[in-house]
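> Need a 3D model of the sequence below.
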Amino acid sequence: MKRRDFIAKSAFALAGSSLLTTDVFAAKKAKHSLGVQLYSVRDDMSKDPLGTLKKVAEMGYKNVEHANYVNQKFYGWTAKEFRKVLDDLGLKMPSGHTVFGKPHWDESKNDFTDTWKKLVEDAAICGQKYVISPWLDIAYRKDFDQLKRFMEVFNKNGELCKASGMKFGYHNHDFEFSLKLSSIKVYDIMLQNTDPNLVAQQLDIGNMYGGGGRAMDLLKQYPGRFELMHVKDEIKANPDGNTYESTILGVGVIGVKEVIDYGKKKGGTTQFIIEQESYQSKTPIDSIREDLEIMKKWGY
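Okay, here's the model as predicted:
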């Protein structure tokens, strides 16, 4: 299943059912942490979540990022249950992915729905520092003014999360760079209309490539804005070379080490999260183990 399809279905399922300093640049001084996005081992998590988490911990990961909050549960566990599972394995979950969209903002009341408020509450119980939305509904990217208004809701989301000791954030894909509204890239509209003290950016350095985005350019254009980073490499997915898929770190087109080093130095990045979605004949578990060893060799 493509990640965007998975995200859309997760968002639908969800609908049915100050920790950080105000100085955005202070993040550069903080100690970085390394983790893995559990979507990398999504099939394993679906079949045996506890056994998979044990393998993740045994291979040396200390931090995980969830991609499954459905019917107010994380991989089938309530927030308290999942927190205990993580604690027992010596794992922490600084961030997690849950799509924020139309089902979670009541325009008539100018307030968040109870569904979203419950998610924020559960994220805090699990020890999250960041509540990350990994998708922007197409309904909000039809015209410039509409998207700009929705970014005000993003800022309000930041205030909501801040009240629980967390920060709201956004994770990019590729359309933010290929799509323009009023001649301005969607991603530029988003960054220029969100308060960095309230809304963090999780830069997926691989996803953007097919849409024309380049991580190093973004890091230089918006210094200090990327507190989190999805560490990912990309290779051509077809003979024409017009689509890409993720691969083992360091073998693709991204120039990963240069990007993450610059992110730590100038991007304000403290949270580095490995994510690999395609495996080229390797198993997902073996892939994230290899990715971790590569990151360790690079000093992370």
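> May I have the host helix or strand of residue 246 as CSV, with CA atoms only?
Applying DSSP states H and E as the criterion places residue 246 in strand 244-247. The C-alpha coordinates for strand 244-247 follow below in CSV (Å, rounded to 0.1, in the frame of the first residue of the first chain):
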residue,chain,number,x,y,z
TYR,A,244,11.4,7.3,-7.1
GLU,A,245,11.3,4.9,-4.2
SER,A,246,13.2,4.8,-0.9
THR,A,247,16.2,2.6,-0.3
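> Can you spell out which helices and strands pack onto it?
strand 233-236 (3 or more Cβ pairs under 8 Å, 6 or more residues apart in numbering; DSSP states H and E). Just so you know, the C-beta spots here come from the backbone N, C-alpha and C atoms, and that holds for glycine as well.
> list the helices and strands the strand it packs on packs on?
Counting contacts by 3+ Cβ pairs under 8 Å, 6+ apart, strand 233-236 is packed against strand 244-247.
> How about residues contacting the strand it packs on?
206, 209-210, 232-237, 252-253, 275-278, 280 (Cβ atoms under 8 Å, 6 or more residues apart in numbering).
> Now find how far off-centre that strand is within its chain.
Chain-centre distance of strand 244-247: 17 Å, with Cα atoms, centre = their mean, to the nearest Å.
> What strands line up against it, and which way round?
With DSSP bridges as the test, strand 244-247 is paired with strand 233-236 (antiparallel).
> Would you mark the buried spots in the partner strand?
Counting neighbours by 16 or more other Cβ atoms under 10 Å, one finds that the buried residues in strand 233-236 are 233, 234, 235.
> so, if you compare those, which one comes nearest to residue 136?
Set against residue 136, the nearest of these by Cβ to Cβ is residue 234 (20.8 Å).
> Am I right that that closest one is in contact with residue 209?
Yes: when contacts are counted by Cβ atoms under 8 Å, residue 234 is listed as touching residue 209 (5.0 Å).
> Contact partners for residue 153?
Neighbour list for residue 153: residue 105 [criterion: Cβ under 8 Å, 6+ apart].
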